[in-house]
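**Student:** dropping the sequence and predicted coords here.
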Amino acid sequence: MDSAVRDSRTSGIAYLDKDRIATVGPGELPAERPGTGVGDVCLDVAYTGICGTDLLVWHGGLQRVVPPVVLGHEFVGRIAEPGSSGLAVGAPVAVEPLLHCGSCWACRNGAAHVCRKLRLIGVDVDGGAAGQVRVPAGKLHPLPADADLRTFALTEPTAVAVHMVHRSEFRDGDYVLIFGGGPIGALIALVARERGARGLVLAEPNPVRRGLLNELGIRTVDPDEVAGIVETETDGEGADVTFDVTGHPSAIAVAPLLTRVRGTVLVGGLFGTPPEVPLQPVTLREQRLVGARVYTPEHMDEAIALLAAGRLPVDGLITHEVGLDEAERAYRMLDADRSAMKVLIRVRP
Ligand SMILES: [Zn+2]
Ligand SMILES: [Zn+2]
């Protein structure tokens with residue numbers, strides 16, 4: 001199948017069909033589905049990442065999604081048909097997969113990334129788990145000509161982390177506490193370290209993930225031990241900035257207690273059920289509870305600049321790479337194996 005992926009112009013797709021991930025070869029698209037996305041630029045996809053959002057869609061956790069839809073919102077590729085982009089054929093690009101309405105309050109006030117009617121390429125319209133995909137010219141972010149697209153396949157999740165670090169109002173010299181050692185928590189740690197964190201500790205229950213992050217120089221601890229460590233290392237004051245990207249009720253239940261006076265608790269996870277949050281420290285310590293969702297175009301560019309400068313060892317987060325014909329297996333594997341980090345679908349490297 002690898003040679004077919006390389007040789008074919010369309011090379012098949014991975015799409016969500018009812019409750020299963022289906023993979024089909026070139027020319028076998030479901031008749032009712034053009035499988036081409038929206039926009040006048042056509043890309044040859046190089047890599048598409050799979051993340052928790054994809055799993056959520058797969059499990060029917062996003063009511064608005066209407067299968068069949070080609071999945072994949074974390075993708076990079078090369079220009080096949082430039083359309084109105086003005087870019088050359090073969091130019092490497094990352095895609096910002098956010099489609100906004102242009103008229104709601106957020107869109108009118110410089111926050112289109114949290115548009116009231118936000119839709120995603122690869123969730124609401126066909127995305128990048130395909131040989132080719134059509135995207136709007138305005139959603140392209142050019143990459144360096146010599147870019148290793150495997151590294152830049154992490155542009156989108158890196159932009160999530162960059163945006164969270166900005167939203168937290170993190171400052172050079174801050175002590176940072178992170179709950180959640182998946183790709184987003186890891187990328188927050190790498191970005192905060194690059195931006196000059198004084199101290200940093202990441203709480204993650206899975207020992208395999210902890211080991212992998214330790215190899216990248218990220219200090220990790222079991223969540224049971226984190227309170228004592230933060231207490232000791234901050235002289236009892238608490239972390240300057242605490243990130244919760246777990247979406248699990250156990251982290252937010254302690255996050256404000258481990259954060260200092262006028263510190264920030266950034267809430268970046270999605271909670272399936274409403275968690276219990278201790279609000280007394282929020283009041284008594286005048287803390288800020290701040291949300292963050294996806295990223296602005298500027299933060300996509302900042303992620304690209306960090307990756308282009310080689311400042312983030314993101315390759316160490318890629319634990320699995322599969323061909324497009326193995327996408328279904330990749331979904332099942334990521335779903336079952338909590339120690340998997342970033343899983344990439346390799347289309348045309
Ligand atoms: Zn994602
Ligand atoms: Zn809008």
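**Tutor:** Arrived safely. Ligands and ions are numbered 1, 2, ... in the order given.
**Student:** this protein: helices as residue ranges?
**Tutor:** Secondary structure of the chain (DSSP state H): helices at 2-7, 52-58, 105-108, 149-152, 155-167, 183-194, 207-215, 223-233, 249-252, 280-284, 297-308, 327-336.
**Student:** what's the closest of those to P82?
**Tutor:** Evaluated over these, closeness to P82 peaks at helix 149-152, with 17.9 Å, by C-beta to C-beta. (Glycine included, C-beta is placed from N, CA and C.)
**Student:** tell me which of the helices of the chain lies nearest to P142.
**Tutor:** helix 297-308 (8.4 Å).
**Student:** list the contacts for the residue lying closest to F152 once chain neighbours are set aside?
**Tutor:** Leaving aside its sequence neighbours, F152 sits nearest to V76 (C-beta to C-beta, 6 or more residues apart in numbering; 5.0 Å). Each residue near V76 by C-beta atoms under 8 Å, 6 or more residues apart in numbering is listed here: V45, A46, Y47, P92, V93, A94, V95, L143, L149, F152, A153, T155.
**Student:** adding mean neighbour count, distance to ligand 2 and mean pLDDT, write the helices of the chain out as JSON lines.
**Tutor:** Listed next are these as JSON lines, based on neighbours: other C-beta atoms under 10 Å; distance: least, C-beta to the ion, whole Å; pLDDT from 0 to 100:
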{"stretch": "helix 2-7", "mean neighbour count": "12", "distance to ligand 2": "37", "mean pLDDT": "32"}
{"stretch": "helix 52-58", "mean neighbour count": "19", "distance to ligand 2": "19", "mean pLDDT": "89"}
{"stretch": "helix 105-108", "mean neighbour count": "14", "distance to ligand 2": "3", "mean pLDDT": "98"}
{"stretch": "helix 149-152", "mean neighbour count": "21", "distance to ligand 2": "28", "mean pLDDT": "98"}
{"stretch": "helix 155-167", "mean neighbour count": "26", "distance to ligand 2": "17", "mean pLDDT": "98"}
{"stretch": "helix 183-194", "mean neighbour count": "24", "distance to ligand 2": "24", "mean pLDDT": "98"}
{"stretch": "helix 207-215", "mean neighbour count": "16", "distance to ligand 2": "36", "mean pLDDT": "97"}
{"stretch": "helix 223-233", "mean neighbour count": "15", "distance to ligand 2": "37", "mean pLDDT": "98"}
{"stretch": "helix 249-252", "mean neighbour count": "19", "distance to ligand 2": "28", "mean pLDDT": "98"}
{"stretch": "helix 280-284", "mean neighbour count": "13", "distance to ligand 2": "30", "mean pLDDT": "98"}
{"stretch": "helix 297-308", "mean neighbour count": "20", "distance to ligand 2": "15", "mean pLDDT": "98"}
{"stretch": "helix 327-336", "mean neighbour count": "18", "distance to ligand 2": "30", "mean pLDDT": "88"}
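**Student:** need the contact list for T158.
**Tutor:** With contact taken as C-beta under 8 Å, 6+ apart, T158 is in contact with L187, V191, A303, L306, L307, L312, V314.
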